[in-house]
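Novice: I would like the atomic coordinates for the input below:
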Amino acid sequence: MDLRIFTKTLLLTLLFIIPISSYPLKADSGFELTPASTDFTLRTEQSHSGTFTITNNEDAEVSITLQEGMYVDGQIVKEDFSWITTSPQQFALKKSQSQEIQYTLTVPSDTPKGVYNKLILLNIAANTATREQNNYPTIDLTIPYQINIFVDSLFASDLGIKVTEFSSDTKLTINNQIVFKIKVENKGMNQISKPIGHLRIISSMGDVVYSAVLNESLKAVTDSDTFEYDFTANYPINNIIDIGQYRAELLFTDSLSGSTELKQMTFVSINYLLFVIIIGVITAIFFLTGTIKGLLLETSSIKIAENQKYIGIQKETRIRSAK
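Specialist: Prediction:
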């Protein structure tokens, strides 16, 4: 082999080999998480406990500190423990050694329904003393253990906006007008929600005679706040005699959690009451007419019987007189 070619090859090899020892080690080259992630569903204020294991396949002894985190725009953001507690939170790991980590995740009470990706971050650094004594390469990296949680807040009794009253001062409407009383409370904590209501009035025949969206008129409800609202609905006459009960439906949506709630109430129109009164009067007249007719017939029968009895007595008297 040409000496000049051999020399160039050796120099190029040294250029690529020597700097490797100063590069930070990657997670997939010397550390292993088992498992690497988990998925589960929780309701608000519920907890989940689990474990995972980290194994050190590097020659260096390392120090590991645990921290909570999350992904924001594809980047890891570190934060203090709020959803998660771990045991241990800090430990050392020697070559070929493994450590089991226990954790408990609790969903805060004010968490809206949705999917959340939480991270347990393992901040790994080479033990300083070991690195100096053995001239180990620099280790400074973070490995994420990912926890995917689906939070179902629809079953939480104390989350978000709740309709605590849907009523009216009267169940008898005049001129097809009714005033609804709506009372809304924020049952959540540290949240502001803009409620949206959809009001419908349905006739006894099942026809929707009135529909309105209560959006602009409903204000945002803050933590532990109560909001009372009066809404006047003018619905058209459904038929000539307006027979039967009307049903009012209020579908309420919490814009923060996405949860919905349906409230209902019934009422009648004064036209229906007048119709019932008229029917009652007609029935009463018919009943009284039948009763009077019956009394007249009974009286007539009594008079006929008395007349027949009188005629019989006269006839018997004449017969006796003839003898």
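Novice: low pLDDT regions in the chain?
Specialist: 1-29, 128-137, 153-160, 187-194, 215-224, 238-243, 255-259, 271-276, 290, 293-323 (pLDDT under 70).
Novice: Can you give the domain ranges for it?
Specialist: According to automatic domain parsing, the chain comprises the domains 26-152, 161-273.
Novice: Just send these back as TSV, with distance to Ile279 and mean neighbour count too.
Specialist: In this view, the C-beta of every residue, glycine as well, is placed from N, C-alpha and C. TSV is the format used below for those (distance: least, CB to CB, whole Å; neighbours: other CB atoms under 10 Å):
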stretch	distance to Ile279	mean neighbour count
domain 26-152	51	15
domain 161-273	10	16
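Novice: Tabulate these (a markdown table), appending distance to Val281.
Specialist: Conversion of the domains of the chain to a markdown table gives the following (distance: least, CB to CB, whole Å):
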| stretch | distance to Val281 |
| --- | --- |
| domain 26-152 | 57 |
| domain 161-273 | 13 |
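Novice: Out of those domains, flag the one nearest Leu288.
Specialist: Shortest distance between Leu288 and the domains of the chain, using CB to CB, is found for domain 161-273: 22.1 Å.
Novice: Do a quick rundown of the strands in the stretch 51-200 of the chain.
Specialist: Ranges of strands in the stretch 51-200 of the chain, per DSSP state E, counting those that start in this stretch, are 62-72, 75-79, 84-87, 90-93, 98-106, 114-126, 140-152, 161-168, 172-173, 177-186, 195-202.
Novice: closest to Asp254 out of these?
Specialist: strand 161-168 (4.1 Å).
Novice: Output that closest one as PDB, restricted to C-alpha atoms.
Specialist: What follows is strand 161-168, C-alpha atoms only, in PDB (Å, rounded to 0.1, in the frame of the first residue of the first chain):
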ATOM      1  CA  ILE A 161     -71.600  24.900  34.400                       C
ATOM      2  CA  LYS A 162     -74.800  23.400  35.900                       C
ATOM      3  CA  VAL A 163     -78.400  24.600  35.400                       C
ATOM      4  CA  THR A 164     -79.900  24.600  38.900                       C
ATOM      5  CA  GLU A 165     -83.300  26.100  37.900                       C
ATOM      6  CA  PHE A 166     -85.500  26.100  34.800                       C
ATOM      7  CA  SER A 167     -89.000  27.200  35.600                       C
ATOM      8  CA  SER A 168     -91.700  29.800  35.200                       C
END
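Novice: can you redo the strands of the stretch 51-200 of the chain as a markdown table with distance to Phe40?
Specialist: Listed next are these as a markdown table, based on distance: least, CB to CB, whole Å:
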| stretch | distance to Phe40 |
| --- | --- |
| strand 62-72 | 17 |
| strand 75-79 | 21 |
| strand 84-87 | 13 |
| strand 90-93 | 25 |
| strand 98-106 | 9 |
| strand 114-126 | 11 |
| strand 140-152 | 6 |
| strand 161-168 | 27 |
| strand 172-173 | 51 |
| strand 177-186 | 28 |
| strand 195-202 | 30 |
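Novice: Can you say which of those strands is nearest to Asp225?
Specialist: Nearest to Asp225, of these and by CB to CB, is strand 177-186 at 5.2 Å.
Novice: got the contact list for Glu32?
Specialist: If you count contacts by CB atoms under 8 Å, 6 or more residues apart in numbering, Glu32 has them with Ile54, Thr55, Asn57.
Novice: ditto for Val179
Specialist: Contacts of Val179 (CB under 8 Å, 6+ apart): Ser168, Asp169, Asp230, Phe231, Thr232, Ala233.
Novice: now the fourth one, nearest residue through space, not along the chain?
Specialist: Right, Phe231. Spatially, and ignoring its direct neighbours in sequence, Phe231 is nearest to Phe180 (4.9 Å; CB to CB, 6 or more residues apart in numbering).
Novice: List the beta-bridge partners for the one you found.
Specialist: Taking DSSP bridges as the rule, Phe180 bridges to Ser168, Phe231.
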